[in-house]
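> kindly generate the corresponding structure for this input.
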Amino acid sequence: MAEYISAQTGQIHIDLHGRSFDNLSVLARDRLLYKPRYPKCLENPDTTSVSEYDSITLHDKDAHILHHYFPNTINYSIMKIVKGTPKTHPINVGVVFCGRQSSGGHNIITGLFDYIHQMNPNSKLIGFIGGTSGLFEGSCVELTAEKLSLYRNTGGYDLLGRSADKISEDDYSRVVATCTKCNLNGLVLIGGAYTATDATLLTEFFLNTGVKTRVVVVPCDYSRDLKNHFIETTVGFDTYCRTVSQLIGNICTDSRSAAKYYHFIRLLGRSPSHVVLEAALQSHPNYAIISEEVAAKRMTLLQVINKIADVICERAKNGQNYGVVLIPEGLIKAISEFYYLLDEISANVEKGVTRDEIYSRLTPWSKALFDFLPDTIQQQIFNPPESRGNFQLHAISTEVMVGALVKQELARRQAEGTYSGKFDYQTHFLGYQARTSFPSLFDCDYAYSLGREAGALVQNELTGYCVTLRNLRDEPANWVPYAVPLLAMTTVEAKQGVYRPSIPESNVDMNDVPFQKFTQCRDAWAVKDDYCNPGAVQFGGAGSWNTTLSLQIEKHDYLKRIQKLREQLNAISQICLPGCDDMLIDSAIAATEGVVRQLDIIKQRL
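Next up, the predicted model:
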């Protein structure tokens, strides 16, 4: 048993002997035998090379600052996997669990291990114990086929453990020392948006200081916070959503069976509401809050409570004094009045102000909101911040707050004679129960494929890139790998008056199909018992090859549309070759000038 002291989380215990086969369940032993599927182009490391696919562009408002921060990587292009004759000498690759635990993380490592050892049996994969803390301190272990044998296709991060998803400038010198000591050709960071942001800055530091280690990011986060134009989904989202959807489906069935409770269910997911949206599409609750909609409509806390109370009153008219309400982890950040309250508290906490004194310093509107909150929530919003200084959203019992305030509102309506139903409720927090489940077949395949692709990027000496796969609705053999520069996802955000590069968390797109489908169905779900229980994640038979409904129906043709535009522009060029009629040239100029003017106007508004 290895013991490691982490500044963020205290003692981390990792059993370097690994799991015991005798302690594995029958299902766990069976899962070890599964052979993940992956793209054909990643089958043979001896012929896996890369070539430029397309250049990238930056937002005009961000370009100047990004050029200042990233002179070495600013002109990186999107790369694609092609057949070639790459280097196949032995390489040393380090791997770190940075982000929160997500099902499939172990398969990223096994995919990476299998690829680099297939490329050259003398390659080494170094795992850092305790996540980023282990990386800083050089606490590591060489991962072998034997060590990995009992972790394939299983959940959790217990192979190596993790600490905090933060690599700051103060840590760079220690990271360099570790990479130098381990003679690393590549460093693979497994995590979400925060990890990708840190990797972008770390890459530039390495290039500025002559460090030869290549930095590659694998998008792995159950909350799907790194979904964007280039990344269709993140590792772990499929398993987490399908697992909590089953639990919600069970609660829906129980609610209808007993017919006497409302269930307020909070789901993990950071600020975005991808998890709640997917779970709602799968389980059909009576009400689901989407943080992005709350923010877009500038809803107050009281308005959110009234919306839920309205649904309860309507159901009571039909004798339905029961139901299910889904609540996202990030709700309180989406409510502007709550956000300002948290911001005021945070600013004072950083100055070392005591709790009682902070209360006296609150603005009148923030003080009024604070007094409106249940005692439990008043206590929790003073919890210590996370490693990045953010509030611990997961530690705030939003479901308790919503349940208590809804009860208070219904009592008011009952007193004035506008509500005559019966109301009793239960609260649930579905978080840690689901995020380290056995990964679904999709997550097994997806994670393993990304691991192999990460190995290919290190093999081909790419740095500052994120591995991505397109066409995920198709069979894994037909998935298309791209290496996307982290800068393609980077914007600039202002924090306390300082502009810093950041890869933002991905919000729910209210113009995309999943949210639109949700809005089309939710009124019916509110008054009817259209509950759906999708059942547990399956590893064989019906439903085993399912993916999330969001992935199945949302738009994933960003690069295809760019390619189509290029083809049309090329067609114009081919028609208007020297020797063509003047009318063709004049028509093309007139049409394209109008399009360019229109695009300039749109671009300025973005």
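> poorly predicted segments of the stretch 401-550 of the chain, please.
For the stretch 401-550 of the chain, applying pLDDT under 70 flags the ranges 496.
> where are the low-confidence patches of the protein?
Scanning the chain with the threshold set as pLDDT under 70 gives 1-18, 384-392, 496, 606.
> got the domain boundaries for it?
2-236+439-502, 238-433+509-552, 556-605 (the TED database).
> deepest-packed of these, please.
domain 2-236+439-502 (a mean of 20; mean count of other CB atoms under 10 Å). Using the backbone N, CA and C atoms, a C-beta is placed for each residue, glycine as well.
> contacts only, for L326.
L326 is in contact with 248, 265, 267, 276, 279-280, 285, 287-289, counting by CB atoms under 8 Å, 6 or more residues apart in numbering.
> and it, its phi and psi?
phi -100, psi 140 (degrees, to the nearest 10).
> Y482 now?
When read as degrees, to the nearest 10, the backbone of Y482 gives phi -130, psi 150.
> gap between the nearest residue to it once chain neighbours are set aside and R605?
The spatial neighbour of Y482 that comes closest, neighbours along the chain excluded (CB to CB, 6 or more residues apart in numbering), is T468 at 5.0 Å. Going from T468 to R605 by CB to CB, to the nearest Å gives 28 Å.
> next one: L430
The gap separating L430 from R605 is 40 Å, by CB to CB.
> could you do K166 as well?
35 Å.
> surely A309 is in contact with V406?
Yes - if you go by CB atoms under 8 Å, A309 and V406 touch, sitting 5.6 Å apart.
> OK, contacts around Y53?
For Y53, the contacting residues are 77-80, 482, by CB under 8 Å, 6+ apart.
> out of the residues you listed, who's nearest E416?
For these, the residue nearest E416 by CB to CB is Y482; the value is 59.5 Å.
> what residues are bridge-paired with the closest one?
Here Y482 sits in beta bridges with K80, T468, as judged by DSSP bridges.
> hmm, it is touching C466, no?
No - Y482 lies out of contact with C466 (CB under 8 Å); the separation is 9.2 Å.
> give the residues shared as contacts by these two.
Common contacts of Y482 and C466, defined by CB under 8 Å, 6+ apart, comprise F230.
> by contact count, what packs against the helix or strand harbouring H263?
Taking DSSP states H and E as the criterion, H263 maps to strand 262-267. Where contact means 3 or more CB pairs under 8 Å, 6 or more residues apart in numbering; DSSP states H and E, strand 262-267 is packed against helix 237-258, helix 274-283, strand 323-328, helix 398-416, strand 425-430.
> any idea how far the helix or strand hosting A63 is from the chain center?
Following DSSP H and E, one finds A63 within helix 60-69. Relative to the chain's own centre, helix 60-69 is displaced by 25 Å; criterion: CA atoms, centre = their mean, to the nearest Å.
> kindly export it (C-alpha atoms) in PDB.
In PDB, the C-alpha atoms belonging to helix 60-69 read as follows (Å, rounded to 0.1, in the frame of the first residue of the first chain):
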ATOM      1  CA  ASP A  60     -11.600  38.700 -33.300                       C
ATOM      2  CA  LYS A  61     -12.100  39.900 -29.700                       C
ATOM      3  CA  ASP A  62      -9.700  37.200 -28.400                       C
ATOM      4  CA  ALA A  63      -7.100  37.100 -31.100                       C
ATOM      5  CA  HIS A  64      -4.800  39.800 -29.800                       C
ATOM      6  CA  ILE A  65      -4.600  38.400 -26.300                       C
ATOM      7  CA  LEU A  66      -4.200  34.800 -27.500                       C
ATOM      8  CA  HIS A  67      -1.400  35.800 -29.800                       C
ATOM      9  CA  HIS A  68       0.300  37.300 -26.800                       C
ATOM     10  CA  TYR A  69      -0.100  34.100 -24.600                       C
END
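> who's in contact with stretch 529-548?
27, 30-31, 34, 233, 237-239, 241-243, 245-246, 249-250, 252-253, 255-256, 278, 282-285, 320, 324, 437-438, 440-442, 472-473, 521, 524.
> ends of that stretch, how far apart?
End-to-end distance of stretch 529-548 (CA to CA, to the nearest Å): 22 Å.
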